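Asker: Just the structure for this:
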Amino acid sequence: MKIIKRRFEMIVVDKEKYKMAIYEAKKEVHVQIIGFIKPALVEDYLKDLQETGAKVQKNAYTFVVDATQQSPLPSKISTDLGQTLMFYASLGFKDIFIVNPTSKIAYVQVRNALEGVNFPGTVVDNVSQLPMR
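Answerer: The predicted structure follows:
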């Protein structure tokens, strides 16, 4: 696992389709989705996510999923998006924020997935709408 320390941030995962960072000063864990995570990569993604979460006291940290660069998902994958969002909710973080994709199709897919589940987090349209910490 590649670890790069920066001012108030530690990149813990830097892969082609996703990145994960811990912002200790803000007490946030960020996941950035780039494109979409193909089924063959899901196991690695979930493993990296659990390992990243294990590095912090989750009940004191906010979890941010930045889906700004997420691509539209194939229909057979988009049906599982609600389950993925609920998986995020099960991780034990204090708060959860989802940043909507800029792609209109991906935005609608996220919105539709959220309608089908009782998601306890907050959805925002861009990172600048996250509460200041």
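Asker: Can you pull out the low-pLDDT segments for the protein?
Answerer: Within the chain, the segments meeting pLDDT under 70 span 1-9, 133.
Asker: Tell me the spacing between residue 122 and residue 98.
Answerer: Between residue 122 and residue 98 the distance is 7 Å, computed by CB to CB, to the nearest Å. Any C-beta I mention is one placed from the backbone N, CA and C, and that applies to glycine too.
Asker: ugh, typo on my part, it should be residue 116
Answerer: For residue 116 relative to residue 98 (CB to CB), the value is 14 Å.
Asker: In terms of neighbours, single out the busier of these two.
Answerer: Set residue 116 next to residue 98 and count neighbours by other CB atoms under 10 Å: residue 98 wins out with 20 against 13.
Asker: From the contact counts, what lies against the helix or strand containing the more buried one?
Answerer: Assigned by DSSP states H and E, residue 98 belongs to strand 95-99. Contacts defined by 3 or more CB pairs under 8 Å, 6 or more residues apart in numbering; DSSP states H and E place strand 95-99 against strand 62-70, helix 81-89, strand 122-124.
Asker: can I get the CA coordinates of the second one in CSV?
Answerer: Listed next in CSV are the C-alpha coordinates belonging to helix 81-89 (Å, rounded to 0.1, in the frame of the first residue of the first chain):
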residue,chain,number,x,y,z
LEU,A,81,-25.9,1.0,-6.2
GLY,A,82,-28.5,1.2,-3.3
GLN,A,83,-26.8,-1.7,-1.6
THR,A,84,-23.4,-0.1,-2.0
LEU,A,85,-24.7,3.1,-0.4
MET,A,86,-26.2,1.1,2.5
PHE,A,87,-22.8,-0.7,2.9
TYR,A,88,-21.2,2.7,3.4
ALA,A,89,-23.8,3.4,6.1
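Asker: And it, what's buried?
Answerer: 81-82, 84-86, 88 (16 or more other CB atoms under 10 Å).
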